[in-house]
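[1] Here's my sequence, what's the structure:
(one chain, ligands or ions: 2)
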Amino acid sequence: MNVQIAPSILSADFAALGQAIEAVERGGADLIHVDVMDGHFVPNISIGVPVVCSLKRIVKVPLDVHLMITDPDRYIEAFAAAGAAMISVHVEVLPHLHRTVHAIQALGVKAGVVLNPGTPVVALEEIAGDVDFVLVMSVNPGFGGQTFIPRSESKVTDVRAALDRAGNHSAPIEIDGGIDARNAGRVVAAGARILVAGSAIFNSPDPERATRELKTAALSAMSASAPAR
Ligand code: DX5
Ligand code: ZN
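    Ligands and ions are numbered 1, 2, ... in the order given. Alright, predicted model coming up:
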């Protein structure tokens, strides 16, 4: 399993999204992370289906849609039709998580489940064998530019163990919140394989270069943690 970089456009200039995406793609972005917020589940409102639709026309890499909304079931089909390649939903809002995960997959989209910092790994237990990926929040969702919660590192290791216990060795762990070139190596060593970064990339003067640097840091941690032959 390789390591992937997913720039979050939440911190990009929404008046120039196309150029922002081209820059991070030149820098080696593997995915584009789209944060959808409803002002209910999280205390902020961001973007929705029409933006994903427009982005789909210009992106070269897959769109990774993170739904921070109270009723994701109502919108899954629309985001799939808009061009999402991956959709992640929060376990905290879903009484029928199993049904939702399979509904996403039935649309031909990779299904991920997300754990907030306050949500225990055990919440994953019954769904660990079904998911295509797990997203570990390393900040409380709602805003870019927050500080990485250090406990998230061992949580990634615990999630990896839960996935492996379920026999789901191929499902990667994505980590989201406060990721930068300084902590990238540590989260990769803990087992994260998709690194989301918003402010570290788009608040930097050169997002293309920031993407490349984050990828280099992540890849060097991968080769350092690879088993010796
Ligand atoms: C937070 C979002 C993140 C956010 C990350 O609610 O889910 O994807 O954009 O931003 P940074 O990297 O600045 O923490
Ligand atoms: Zn996100």
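
[2] Now for Cys53: which residues touch it?
    By CB atoms under 8 Å, 6 or more residues apart in numbering, the contact list for Cys53 reads Ala82, Gly83. The way it works is simple: take the backbone N, C-alpha and C, and place the C-beta from them, glycine included.

[3] Roughly how far does it sit from ligand 1?
    Distance of Cys53 to ligand 1, given as CB to the nearest ligand atom, to the nearest Å: 20 Å.

[4] burial of the residue lying closest to Leu17 once chain neighbours are set aside, as a residue count?
    Excluding the flanking residues, the one nearest Leu17 by CB to CB, 6 or more residues apart in numbering is Ile9, at 6.3 Å. Other residues near Ile9 number 24, with proximity taken as other CB atoms under 10 Å.

[5] for Ile9, what are its contacts?
    Leu17, Ala20, Ile21, Ile32, His33, Val34, Asp35, Leu55, Gly198, Phe202.

[6] And the pLDDT at it?
    Per-residue pLDDT puts Ile9 at 98.

[7] neighbours around Asn71, how many?
    Quick fix: residue 71 is Asp, not Asn. 12.

[8] That one contacts Val93, correct?
    Yes. Asp71 lies in contact with Val93 (CB atoms under 8 Å); the separation is 7.3 Å.

[9] Which of the helices and strands in the protein ranks last by mean pLDDT?
    helix 207-225 (a mean of 95; mean pLDDT, DSSP states H and E).

[10] any weak-confidence spans in the chain?
    Scanning the chain with the threshold set as pLDDT under 70 gives 226-229.

[11] near ligand 2, which residues of it?
    By the rule CB under 5 Å from the ion, the part of the chain lying against ligand 2 is Asp35, His66, Asp176.

[12] wait, what's in contact with the second one?
    His66 makes contacts with His33, Val34, Asp35, Val36, Ser88, Val114, Leu135, Asp176, Val196, as judged by CB under 8 Å, 6+ apart.

[13] so where do the strands sit in the protein?
    4-7, 32-37, 63-68, 86-90, 110-115, 133-137, 173-176, 194-197 (DSSP state E).

[14] so which of the ones you listed gets nearest Arg26?
    strand 4-7 (11.5 Å; CB to CB).

[15] What is the closest one packed up against?
    Judged by 3 or more CB pairs under 8 Å, 6 or more residues apart in numbering; DSSP states H and E, strand 4-7 is in contact with strand 32-37, strand 194-197, helix 207-225.

[16] will you turn the ones you listed into CSV that also has mean neighbour count?
    Shown next, in CSV, are the helices and strands packed on strand 4-7 (neighbours: other CB atoms under 10 Å):
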stretch, mean neighbour count
strand 32-37, 25
strand 194-197, 27
helix 207-225, 18
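
[17] got CSV for the ones you listed, with distance to Ala82 too?
    Listed next are the helices and strands packed on strand 4-7 as CSV, based on distance: least, CB to CB, whole Å:
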stretch, distance to Ala82
strand 32-37, 10
strand 194-197, 20
helix 207-225, 24
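
[18] ok, and the closest non-adjacent residue to Gly118?
    Asn140 (7.8 Å).

[19] What is the neighbour count of the one you found?
    14.

[20] Who are the contact partners of it?
    Asn140 neighbours (CB under 8 Å, 6+ apart): Asn116, Pro117, Gly118, Gln146, Gly177.

[21] re the thing from before, quick check: which of the helices and strands packed on strand 4-7 is nearest to Val59?
    strand 32-37 (5.5 Å).

[22] And Ala111, how close does it get to Leu10?
    In this view, Ala111 and Leu10 are 21 Å apart by CB to CB, to the nearest Å.
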